[in-house]
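**Q** Build the 3D model from these lines:
(one chain, ligands or ions: 2)
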Amino acid sequence: MQNARKKLSLVVPFYNEEEGVARFFARINLVFAPILDHYDLEVCCVNDGSRDHTLEELVRARESNPYIRIIDLSRNFGKEAAITAGLDFASGDIVVPIDADLQHPPEVVLEMLKKWEEGFEVVLARRTDRTTDRPIQKLAARAFYKAIRYISRVEIPADVGDFRLMDRKVVNAVKSLRENCRFMKGIFAWVGFRTTIVDYKVEPREHGQTSFNMWKLWNFAVEGITSFSTVPLRVWSYFGGLISLLAFVYGLYLIVKTLLLGVETPGYASLMVVLLFTAGVQLISIGILGEYLGRVFSEAKRRPSYIVREVIE
Ligand code: UDP
Ligand code: MG
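**A** Residues are numbered from 1 along each chain as shown. Ligands and ions are numbered 1, 2, ... in the order given. You can find the predicted model right below:
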């Protein structure tokens, strides 16, 4: 145990979670009561433009729980931006982003703290099963982690999300990466540091509904890949080279054949096939260029990832 009292900051994004606020803090109070002798607690609640009464509920919860700090964003910026805002405001020696819907059991934070006391700077919480996910989601997640492992230079661990403990050093490093496309899993993995893992079981959502549908998850995956790998850009030059080579060989074959056997009219089928195929390949590669160009565009604008309306503390 360290001599000086250390401060633990939880960073919690809230988006339309009015039913869950009271329950969340009841659980927090229960779980963290035993460690308050050694640690100061701060909970940075980021209200990510909720359309319900989440903000009012947070303000009410703060009356009885003075450790709550509320960061009210001007609109919905998305979970990644909300976590970024929370990390910017958190002042703890140890920071743990955690979901408001209690799918990340707060008890795991105690385990993480033990690892931190042993000297680890990052403690990842790895979900041991995905039974709360739909089967297609499970499959997609597996494919995504596999793909990104192959084509990106940063090692993004599978089944690890935003739920993790970070030392102040790590938080400062994460804060120094100011890119606008905030693919947090990638950013967290990129900064490195002495890392270990604790396992946990995801709990079913306590109330309400997930705000991530398949389309959002797909966009999330595309963002992850294009933010942390340029392989999809580069692969097309090789593919194009291969196709050109094949076309060249085929052209030679046609010339020789015409010289030896004379002109032959049929050939519509092969022409069409080649034409459609190359057109398809070109469209795909233009699409991929577009993905990256869009990313460059949004970085070039240098907009902040979030706007704060008010901080209540
Ligand atoms: N969330 C957010 N902004 C959003 C969507 C979600 O701050 O635009 C928060 C939400 O309140 C919750 C966490 O992110 O605390 C995880 O969201 P959710 O439970 O909907 O996602 P899932 O658990 O299905 O990944
Ligand atoms: Mg959830």
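
**Q** So, low pLDDT: which residues of this structure?
**A** 1-3, 130-133, 180-182, 206-208, 211, 264, 268 (pLDDT under 70).

**Q** Which stretches in this protein count as helices?
**A** Along the chain, counting by DSSP state H, helices occupy 21-32, 54-64, 79-89, 107-117, 135-151, 168-176, 184-191, 214-228, 231-261, 268-300.

**Q** does any bit of the shortest one sit next to ligand 1?
**A** The one in question is helix 184-191. No: for a cut-off given as C-beta under 6 Å from any ligand atom, helix 184-191 has no contacts with ligand 1; the smallest distance is 11.2 Å. Every residue, glycine included, has its C-beta placed from N, CA and C.

**Q** Up against ligand 2, what does the stretch 101-250 of the chain have?
**A** Taking C-beta under 5 Å from the ion as the criterion, the neighbours of ligand 2 within the stretch 101-250 of the chain are Asp101, Gln103.

**Q** residue in the stretch 101-250 of the chain nearest to ligand 1?
**A** Distances between the stretch 101-250 of the chain and ligand 1 by C-beta to the nearest ligand atom are smallest at Thr210, namely 3.3 Å.

**Q** That residue: neighbour count?
**A** Thr210 has 12 neighbours, counted by other C-beta atoms under 10 Å.

**Q** Could you single out the most deeply buried of the helices of the chain?
**A** The highest mean neighbour count among the helices of the chain, using mean count of other C-beta atoms under 10 Å, belongs to helix 79-89: a mean of 23.

**Q** How far away from the center of its chain is that helix?
**A** For helix 79-89, the distance from its own C-alpha centre to the chain's C-alpha centre is 12 Å (C-alpha atoms, centre = their mean, to the nearest Å).

**Q** Pull it out as PDB, backbone CA atoms only.
**A** The C-alpha trace of helix 79-89 is given here as PDB (Å, rounded to 0.1, in the frame of the first residue of the first chain):
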ATOM      1  CA  LYS A  79     -19.300   7.100 -26.400                       C
ATOM      2  CA  GLU A  80     -15.700   7.500 -27.500                       C
ATOM      3  CA  ALA A  81     -15.900  11.300 -27.400                       C
ATOM      4  CA  ALA A  82     -17.700  11.100 -24.000                       C
ATOM      5  CA  ILE A  83     -14.900   8.900 -22.600                       C
ATOM      6  CA  THR A  84     -12.300  11.400 -24.000                       C
ATOM      7  CA  ALA A  85     -14.100  14.200 -22.200                       C
ATOM      8  CA  GLY A  86     -14.100  12.200 -19.000                       C
ATOM      9  CA  LEU A  87     -10.400  11.400 -19.200                       C
ATOM     10  CA  ASP A  88      -9.600  15.100 -19.800                       C
ATOM     11  CA  PHE A  89     -11.500  16.000 -16.600                       C
END
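
**Q** Nearest approach to Pro157 belongs to which of the helices of the chain?
**A** helix 184-191 (7.0 Å; C-beta to C-beta).

**Q** quick one: contacts of that closest one?
**A** For helix 184-191, the external contacting residues (C-beta atoms under 8 Å, 6 or more residues apart in numbering) are 80, 83-84, 122, 152, 154-157, 160-162, 164, 166, 170, 173-174, 177, 179, 224, 227-228.

**Q** of all the helices of the chain, which lies closest to Lys201?
**A** Lys201 sits nearest to helix 107-117 of all the helices of the chain, at 9.3 Å, using C-beta to C-beta.

**Q** What distance do you get for the closest residue to Ile284 other than its chain neighbours to Phe248?
**A** Nearest residue to Ile284 in three dimensions, chain neighbours excluded: Trp236, at 7.9 Å (C-beta to C-beta, 6 or more residues apart in numbering). Distance of Trp236 to Phe248, computed by C-beta to C-beta, to the nearest Å: 18 Å.

**Q** can you pull the buried residues of stretch 95-107?
**A** Neighbour counts over stretch 95-107 (16 or more other C-beta atoms under 10 Å) mark Val95, Val96, Pro97, Ile98, Asp99, Ala100, Asp101, Leu102, Gln103, His104, Pro105, Pro106 as buried.

**Q** For those residues, could you give me JSON lines that also reports distance to Met214?
**A** Shown next, in JSON lines, are those (distance: C-beta to C-beta, whole Å):
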{"residue": "Val95", "distance to Met214": "31"}
{"residue": "Val96", "distance to Met214": "28"}
{"residue": "Pro97", "distance to Met214": "24"}
{"residue": "Ile98", "distance to Met214": "25"}
{"residue": "Asp99", "distance to Met214": "19"}
{"residue": "Ala100", "distance to Met214": "22"}
{"residue": "Asp101", "distance to Met214": "19"}
{"residue": "Leu102", "distance to Met214": "23"}
{"residue": "Gln103", "distance to Met214": "18"}
{"residue": "His104", "distance to Met214": "22"}
{"residue": "Pro105", "distance to Met214": "26"}
{"residue": "Pro106", "distance to Met214": "29"}
